[in-house]
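# Give the three-dimensional model of this entry:
(one chain, ligands or ions: 1)
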Amino acid sequence: MAASSRSPLRPVVVSIGGSVLLTGDGDPDYLSELAELLGRVGHTVPLVVTTGGGRTAREYIHLGRALGLTEFELDELGIDVTRLHARLLAGRIGSPTPSHPPASVREAVEALRHASPVVLGGTEPGHTTDGVAALVAVRLRAARLVNATNVKGVYDADPRGNRAARRIDRLSWPEFRRMVQAATTGEAGQTFLFDRLGADALARAGIPLSVVDGRDLPNLESAILGRSFDGSRIEP
Ligand code: UTP
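Coordinates of the predicted model:
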């Protein structure tokens, strides 16, 4: 499907965390159902999807750090893993999704002119695939970015292992950016809900961010389509 930022239907970008793609629990079934959803929705909405590297990326980064690789080289290791995941998902979606993931924001935007969904991993050192997704969203003037993650939204504390953590259903961009700044340093392989570059880019462009549990596929589909969903919204 041909699509561009001038398409009457505004594109949507989805960032899927690596920790959602591969959990060790029912991954083949999940990946098949996710691919079916993205392929189907991508036929009606111009869609770009980024895939994270998750635990596999962190294992390589950890090993590389022990071997004395530079932060730049560690980022490159992480990027390679995110691209493996993009290949896996793109291969399952099949044509017209390019099986070879675009290597830059520019290439992804160009690919969307001929195919939807387009799936890619990382691009260059210094950020995560959330940052890539945000730059693609800004470039496309996307309607929204959906962050498919392994928790059910944005919480006031890490909900994994903290039963007192409360979900925040709506946040302003300044509130969310303060949370991102406090939780991230920019090191290779760190984990937080979203990265600095991504939060800054989306806030500047006024593009809303929806944060959902990526394993709940009906809910993910609602968030992509701009319908009501269970999760958190960060809005201008
Ligand atoms: P991820 O996008 O997987 O990081 O990139 P993440 O969001 O922290 O992890 P998950 O997948 O949601 O659990 C993994 C690592 O690869 C490098 C960074 O070091 C990042 O931490 N990376 C990735 C880049 O340097 N540039 C990119 O464009 C993407």
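# List the contacts of the lowest-mean-pLDDT helix or strand in the chain.
Lowest on mean pLDDT, DSSP states H and E among the helices and strands of the chain sits helix 173-183, with a mean of 91. Contacts to helix 173-183, defined as CB atoms under 8 Å, 6 or more residues apart in numbering, come from residues 154, 171, 192-196, 199-200, 202-203, 209, 234-236. From N, CA and C alone the C-beta is placed, and that goes for glycine too.
# rerun at 10 Å
Defining contact as CB atoms under 10 Å, 6 or more residues apart in numbering, one finds that helix 173-183 is touched by 130, 154-156, 158, 168, 171-172, 190-200, 202-204, 206-209, 211, 232-236.
# V20 and V211 touch, don't they?
No: using CB atoms under 10 Å, V20 is not in contact with V211; the gap is 11.9 Å.
# how much does the helix or strand following the least confident helix or strand of the chain deviate in direction from helix 173-183?
Next along the chain after helix 173-183, taking DSSP states H and E as the criterion, comes helix 196-205. Put simply, helix 196-205 runs at 170 degrees to helix 173-183, going by axes from the mean of the first three to the mean of the last three CA atoms, to 10 degrees.
# and helix 196-205, anywhere near the ligand?
No: Helix 196-205 lies apart from the ligand when judged by CB under 6 Å from any ligand atom; the minimum separation is 9.1 Å.
# and that helix, how far from the chain's centre?
Between the centre of helix 196-205 and the centre of its chain there are 14 Å (CA atoms, centre = their mean, to the nearest Å).
# So which elements touch it?
Here helix 196-205 touches helix 129-140, strand 144-149, helix 173-183, strand 209-213, strand 232-235, going by 3 or more CB pairs under 10 Å, 6 or more residues apart in numbering; DSSP states H and E.
# Take these and write them to a markdown table, including distance to the ligand and mean neighbour count.
Formatted as a markdown table, the helices and strands packed on helix 196-205 follow (distance: least, CB to the nearest ligand atom, whole Å; neighbours: other CB atoms under 10 Å):
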| stretch | distance to the ligand | mean neighbour count |
| --- | --- | --- |
| helix 129-140 | 3 | 26 |
| strand 144-149 | 7 | 26 |
| helix 173-183 | 11 | 15 |
| strand 209-213 | 12 | 25 |
| strand 232-235 | 16 | 20 |
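# Would you mind listing what in the protein touches the ligand?
Residues of the chain lying close to the ligand (CB under 6 Å from any ligand atom) are 17-19, 52-54, 57, 74-75, 78-79, 82, 122-130, 132, 188-191.
# what's the closest of the helices and strands packed on helix 196-205 to P98?
helix 129-140 (14.3 Å; CB to CB).
# what separates the least confident helix or strand of the chain from the chain centre, distance-wise?
With CA atoms, centre = their mean, you get 18 Å for helix 173-183.
# for stretch 132-151, same thing?
Counting by CA atoms, centre = their mean, stretch 132-151 comes out at 7 Å from the chain centroid.
# One more: stretch 93-101?
Distance, stretch centre to chain centre, for stretch 93-101: 17 Å (CA atoms, centre = their mean).
# and it, how far apart are its ends?
Taking CA to CA, to the nearest Å as the measure, stretch 93-101 stretches 13 Å from start to finish.
# Compute the number of surrounding residues for the nearest residue to R58 once chain neighbours are set aside.
Closest residue in space to R58, ignoring its immediate chain neighbours: G189 at 4.7 Å, by CB to CB, 6 or more residues apart in numbering. By other CB atoms under 10 Å, the residues close to G189 number 19.
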